[in-house]
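Trainee: no FASTA, just this:
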């Protein structure tokens, strides 16, 4: 598969003889059925330069081109705010989000969000792109946020996430001394009151799976590496609190700390497959200054 900024290109080889175009669109170009319908309605799917129905049977040498650009109304207000771009290509943007900024606007909220900041970043380049985050972080959690730059990219990467093909690793400083060096927390999480933020472990909830590894034991605290097996809201915070090791500074599931002004949780690593090239990307965000300071102040 070849491509430019807005066009996906596929050249049929002998093995594609008499294969339906829709199979190439689905299996090779990773286009969802709903997106195929939308692109077809705008004559953006072509074979040898001609708009073509998806039941067309390919011949070797046919050139399939798909223009993935679509007119979309962007209602997010661009607001200037510095962002730390860790990685960007025609399909994806990865930001190292600082603590204290929400990914999206809260209900009735007026604070600047990552959505406002990224929309401004794109507007400065003369581009109007919808803000489509693949993963979300709590306002006071720092670290990597993956954003799709088109409906095509968002859907292709989100399918990876649904299939468990995206790896997200976090660092957390928790209260107490974790005894096992490695382990997992497999406990269902629910939201007892939809109008309130807190979640809780409850048999009626959805399955939630968190893996942990002890990186360092400190006096009264433990530094953990955590990997998500599922992606429930507040999952790591709920799980660690439930087993008696709330995250240091977590005022919702633990208690505030004089050592740090927010929960000591950082999305440190992210791995996923670039949807066009099939290349696996491994990205990292360094430990933020407040967590680094916390670790230097805690005795071994």
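Mentor: Perfect, I can see it now. Keep in mind it's a predicted model, so treat the numbers as computed, not measured.
Trainee: show me where the stretch 101-250 of the chain has its strands.
Mentor: For the stretch 101-250 of the chain, the strands defined by DSSP state E, counting those that start in this stretch cover 132-133, 142-148, 167-175, 182-186, 189-190, 200-201, 209-218, 221-228.
Trainee: contacts for the longest one, please.
Mentor: Where contact means Cβ atoms under 8 Å, 6 or more residues apart in numbering, the residues beyond strand 209-218 that reach it are 171, 173, 177-178, 180-186, 222-230, 235-236, 239-240, 295, 298-300. In this view, the C-beta of every residue, glycine as well, is placed from N, C-alpha and C.
Trainee: which ChimeraX command selects the buried ones in those?
Mentor: Selection of the buried residues among the contacts of strand 209-218 in ChimeraX, burial being defined by 16 or more other Cβ atoms under 10 Å:
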select :171,173,178,185,222,223,224,225,226,227,228,235,236,239,240,295,298
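Trainee: so what's the residue count around the residue nearest to residue 14 when sequence neighbours are not counted?
Mentor: With Cβ to Cβ, 6 or more residues apart in numbering as the measure, residue 60 is the residue that lies nearest to residue 14, at 4.8 Å, once sequence neighbours are left out. Other residues within reach of residue 60 by the criterion other Cβ atoms under 10 Å amount to 12.
Trainee: pretty sure residue 60 is in a strand, no?
Mentor: No - note on residue 60: no strand contains this position according to DSSP: H, G, I helix; E, B strand; the rest coil, which reports coil.
Trainee: below-threshold pLDDT in this protein: ranges please.
Mentor: By pLDDT under 70, the low-scoring segments of the chain are 1-4, 107-110.
Trainee: any idea how far residue 249 is from the residue nearest to residue 14?
Mentor: With distances defined as Cβ to Cβ, to the nearest Å, the gap from residue 60 to residue 249 amounts to 61 Å.
Trainee: work out for me the element the closest residue to residue 284 other than its chain neighbours sits within.
Mentor: Ranked by Cβ to Cβ, 6+ apart and with sequence neighbours excluded, the top spatial neighbour of residue 284 is residue 269, at 5.2 Å. Assigned by DSSP states H and E, residue 269 belongs to strand 265-273.
Trainee: partner strands of that strand, with direction?
Mentor: Paired strands of strand 265-273, with direction, are strand 142-148 (parallel), strand 167-175 (antiparallel), strand 280-284 (antiparallel) (DSSP bridges).
Trainee: show me what counts as buried in that strand.
Mentor: Residues 265-270, 272-273 are the ones in strand 265-273 that count as buried (16+ other Cβ under 10 Å).
Trainee: count of neighbours near residue 297?
Mentor: Summarising burial for residue 297: neighbours were counted as other Cβ under 10 Å, giving 10.
Trainee: wait, I meant residue 143
Mentor: As a burial measure, the neighbour count of residue 143 was computed by other Cβ under 10 Å and equals 27.
Trainee: the helix ranked longest in the chain vs strand 167-175, what angle?
Mentor: Determined from DSSP state H, the single longest helix within the chain is helix 151-162. With axes from the mean of the first three to the mean of the last three Cα atoms, to 10 degrees as the basis, helix 151-162 and strand 167-175 are set at 60 degrees to each other.
Trainee: who are the packing partners of helix 151-162?
Mentor: With contacts defined as 3 or more Cβ pairs under 8 Å, 6 or more residues apart in numbering; DSSP states H and E, the secondary structure elements packing on helix 151-162 are helix 33-41, strand 132-133, strand 142-148, strand 265-273.
Trainee: residue 75 is nearest to which of the ones you listed?
Mentor: Put simply, out of the helices and strands packed on helix 151-162 the one that sits nearest residue 75 is strand 132-133, at 13.2 Å, with distance taken as Cβ to Cβ.
Trainee: and the closest one, which strands flank it?
Mentor: Sheet partners assigned to strand 132-133 using DSSP bridges are listed as strand 142-148 (antiparallel).
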